[in-house]
Each structure stands twice: as structure tokens, then as C-alpha cells.
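Peer 1: generate a structure from the sequence data that follows.
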Amino acid sequence: MTNHDIFRWPALVNGTQRQAFGQCVTFLMIPGVPLVYYGEEQSMYIFDNTAAVSHSRTASLTCPRDATLLSPSPPFHQNYLFGRQAMTATPAWQRHGCYKLGSTQYHNFEYGRALFGCDDFSQQLDHFDPTADYFRFLHRVFNLRDTYPSLMDGFQLSNQSIHTYLVQFPGSNNTQTEIGLRSMSREPAPRQLNEPEFLTDMSTPVWCVALSLLPARARWLTPFCRSSGPDDRFLWHNENQTRKYEFDCGGENDQWIRSPYPAPVTVKNLFYPYDSVPLEASTWSFNQNGEAPYRGWCDAVLFSPSH
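Peer 2: Next up, the predicted model:
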């Protein structure tokens, strides 16, 4: 999600939530070994202020807390927002914590906490807090990887249904952004099905649902009753408006929210608030032979704005 040469996500408006969403996607849906850059587990957010300008200027650019955001002007390029805050107790990081230099690299950069870090006295303390909110969030993510084999070792990632469209945002270098609802699944590749970790009781389908970019609305769901077929399901929405998606059930197409489980089944959220969702039987045969059992589905989902 980040490294020592770019900004830290908690410095932005809703940055901690955006980072959590991205790490849920990368840590739970993409095969491989997760890497956490130091300080992410503590939601560090202060920038290395003196690193934001070109070599042609050597004077310190620490700004007072009441300074206005400076507009970048050549030859002083605000292209580098380094996240290199110390883990140890260092009062200097608080003193330099109100970032006012702007950026020429990021379009309409939404500064948040980074503007007011010099007023946050916790930033002069050490950052080895095992009770920090984000530390406990990552602990839960890694616990899920340890518990569900598909989240740890499943090599196959597939689209289940797609309800998206493309938009062109300013400052995105002609790269379009996909907006809407997408449903995906992660599971072991066929050659993995006989491996010991996928033959346990915890090799149950897990329906992964992220209702928006805010992790409080991200859901990873698993059936109450164990069933065969290790499969992880991920459903996400990234529109900045409240929207209810409604679909007619039926057919082997992408125009309905189908699950990887035979119905009837009730799935449970693996993250807070640990709610449950009943799934009804669709008209699509689970074994693709025209006979019962039929694949479970949702006729509608309501998503909050992603901002």
C-alpha cells in the first residue's frame, strides 16, 4: 500500500479507511506473503517536510501551524511526500507535523491529519502500541488468513459478476477508473484441491463483501453450516453515493449477485458487526446439471457512499 518514498494513507481525508480497504483486498484476495511497511500498524501520518523540495533549495521549510497551504512554484517542486516518521519517541516529528507545502505530483490531494500533526501531542511519543486500532485490525486480517486456507494459499481468483462502468477523472493521465459493483471469488487452483490444508473443516466458502471504501462496511462472509468447496467471495462497491443494486435471478450470466454456495444457506460476516445474510435459491443449478441444489443469491444489496 505504501513505502518510504511516498505519502502515508492516514495523512489523507478518510485515509486510514482507504488503506484498510486496500490492504483487505491485497492481503485477503491476492496470493502471496503480505508486507506491512513499518508504522502502518500505528496509522502514522506525518510527512518528512524537508524532503518535499528540489535540491536547489536547502533551507528548512518547517511551517507554523497557522500557515496557509503554499502553492508550488518552480524551481521548488513539491513532488516527494516521504513517510519516514520515527517509531521512537521524537518531539521533533510533532514540531514538523503541520504540512503546508502542497504537491505537484498528486492531483487535488486531500490533506487531512497531515495538516495538523503539530497539534497532536501523541506524535512525540513512541509508536509501539499493541492496542492501536489499526494494529488490532491487521491482527484480525492475519487471523483470518491463518483460519481459512483459501485466504492463505488459494491461487485462483475469478470474477463472479460485474456491474461497473468506466469514468475519466481529472489528473489521472488518461487512465480510466472502474466504478460500480464487482463480485469476485478466491479459491484453490484445481491442482491444490487434494492438498491437506484444503481438506479441513475450515475449507468452507467465505463470501468477501466490501460495501464501500470504508472498512466498517467491509464484509467477509462465511456460511453458518460448513459445506464443501473452499471458496472466498469478495463483493465491493466504490461509488460516492448511496445505491441499492437490485437484480432478477436466473440464467448463467453476470446480471445477478450469485454466491458460490448451494442454497438455502445463511452467511455470516467475519468482521464487525458480524451480521448474517440469508441467501435464497436461484434458478442456476449449483452442479450445472439442471437439478437441485441451486446456487444461493441476493436479490438486492444497499451500499453506502465510498467517500
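Peer 1: show me what residue 180 is bridged to.
Peer 2: With DSSP bridges as the criterion, residue 180 is bridged to residue 164.
Peer 1: and residue 89, how many neighbours?
Peer 2: Neighbour count for residue 89, taken as other CB atoms under 10 Å: 12. C-beta coordinates here come from the backbone N, C-alpha and C atoms, glycine included.
Peer 1: need the contact list for it.
Peer 2: 124-126 (CB atoms under 8 Å, 6 or more residues apart in numbering).
Peer 1: show the model's pLDDT score for it.
Peer 2: Here the pLDDT value assigned to residue 89 is 95.
Peer 1: again, but for the one 3 residues further on
Peer 2: For residue 92, the model assigns a pLDDT of 91.
Peer 1: closest to residue 88 among the contacts of residue 89?
Peer 2: residue 126 (5.4 Å; CB to CB).
Peer 1: quick one: the closest residue to the closest one other than its chain neighbours from residue 96, how far?
Peer 2: Spatially, and ignoring its direct neighbours in sequence, residue 126 is nearest to residue 89 (4.4 Å; CB to CB, 6 or more residues apart in numbering). To residue 96, residue 89 is 15 Å away according to CB to CB, to the nearest Å.
Peer 1: ditto for residue 38
Peer 2: 19 Å.
Peer 1: more neighbours: which of these two?
Peer 2: Between residue 38 and residue 96, residue 96 has the larger neighbour count (other CB under 10 Å), namely 22 against 14.
Peer 1: please look at the more buried one and residue 118 and confirm they touch.
Peer 2: Yes. Between residue 96 and residue 118 there is a contact under CB atoms under 8 Å: 7.2 Å.
Peer 1: what's the weakest-modelled helix or strand in the protein?
Peer 2: strand 218-223 (a mean of 44; mean pLDDT, DSSP states H and E).
Peer 1: report the distance from the helix or strand containing residue 160 to the chain centre.
Peer 2: Assigned by DSSP states H and E, residue 160 belongs to strand 156-167. The chain centre lies 16 Å from the centre of strand 156-167; the measure is CA atoms, centre = their mean, to the nearest Å.
Peer 1: how about that strand: buried residues?
Peer 2: 156, 160-161 (16 or more other CB atoms under 10 Å).
Peer 1: ranges for the strands of this structure?
Peer 2: 156-167, 177-187, 206-210, 218-223, 232-237, 243-246, 257-262, 265-269, 276-285, 294-298, 300-303 (DSSP state E).
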